[in-house]
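Chemist: fold the stuff below for me.
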Amino acid sequence: LQLVESGGGLVQPGGSLRLSCVASGPAFSYHAIGWFRQSPGKEREGVSSISSTGLQTNYADSVKGRFTISRDNAKNTVYLQMNSLKPEDTGIYYCAADRFDSGLDRSMYYYWGRGTQVTVSS
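Modeler: Below is the predicted model:
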């Protein structure tokens, strides 16, 4: 399974971005997807995840109420809608996939994309 992220960019505080994670390869609909981010000098942290069916989602406390994860299995795509962005949301955002619903535990994810840069600054 190969994953490609897009949708990152520079946005002012309070603004919005929608990230996309497009998968190629077999059985995308059987994989849970997670979004992770890494800022300079910090460990990669879990942001949000969604089960293979889309029925279960998880969010880090820092993004609850501001970010929404969703998926369209017909398009092999997972989205992360990010609203009310803050400077501390800056980082490289990665999507990852696994056959099991691993929530926000990055050590459990097997497939990773290369990331997309999100910068929140005035």
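Chemist: from here on, contacts and neighbour counts on C-alpha atoms
Modeler: Fine.
Chemist: show me where this structure has helices.
Modeler: Applying DSSP state H to the chain gives no helices.
Chemist: state the number of residues packed around residue 54.
Modeler: Close neighbours of residue 54, defined as other Cα atoms under 10 Å, add up to 17.
Chemist: next up, the contacts around it.
Modeler: Contacts for residue 54 (Cα atoms under 8 Å, 6 or more residues apart in numbering) come out as 70-71.
Chemist: what bridges to the residue nearest the centre of the chain?
Modeler: Of all residues in the chain, the one closest to the mean position by Cα atoms, centre = their mean is residue 35, 2.4 Å from it. With DSSP bridges as the criterion, residue 35 is bridged to residue 48, residue 95.
Chemist: alpha carbons only: can I get stretch 47-62 in PDB?
Modeler: Extracted in PDB, the C-alpha atoms of stretch 47-62 (Å, rounded to 0.1, in the frame of the first residue of the first chain):
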ATOM      1  CA  VAL A  47      -3.400  13.600  15.500                       C
ATOM      2  CA  SER A  48      -6.400  11.600  14.400                       C
ATOM      3  CA  SER A  49      -7.300   8.100  13.100                       C
ATOM      4  CA  ILE A  50     -10.300   6.400  11.400                       C
ATOM      5  CA  SER A  51     -11.200   2.800  11.300                       C
ATOM      6  CA  SER A  52     -11.500   0.900   8.000                       C
ATOM      7  CA  THR A  53     -15.300   1.300   7.900                       C
ATOM      8  CA  GLY A  54     -15.100   4.900   9.000                       C
ATOM      9  CA  LEU A  55     -17.400   4.200  12.000                       C
ATOM     10  CA  GLN A  56     -14.800   4.800  14.600                       C
ATOM     11  CA  THR A  57     -12.600   7.900  14.900                       C
ATOM     12  CA  ASN A  58     -10.000   9.100  17.400                       C
ATOM     13  CA  TYR A  59      -8.600  12.600  18.000                       C
ATOM     14  CA  ALA A  60      -5.700  14.000  20.100                       C
ATOM     15  CA  ASP A  61      -7.000  16.300  22.800                       C
ATOM     16  CA  SER A  62      -5.200  19.200  21.200                       C
END
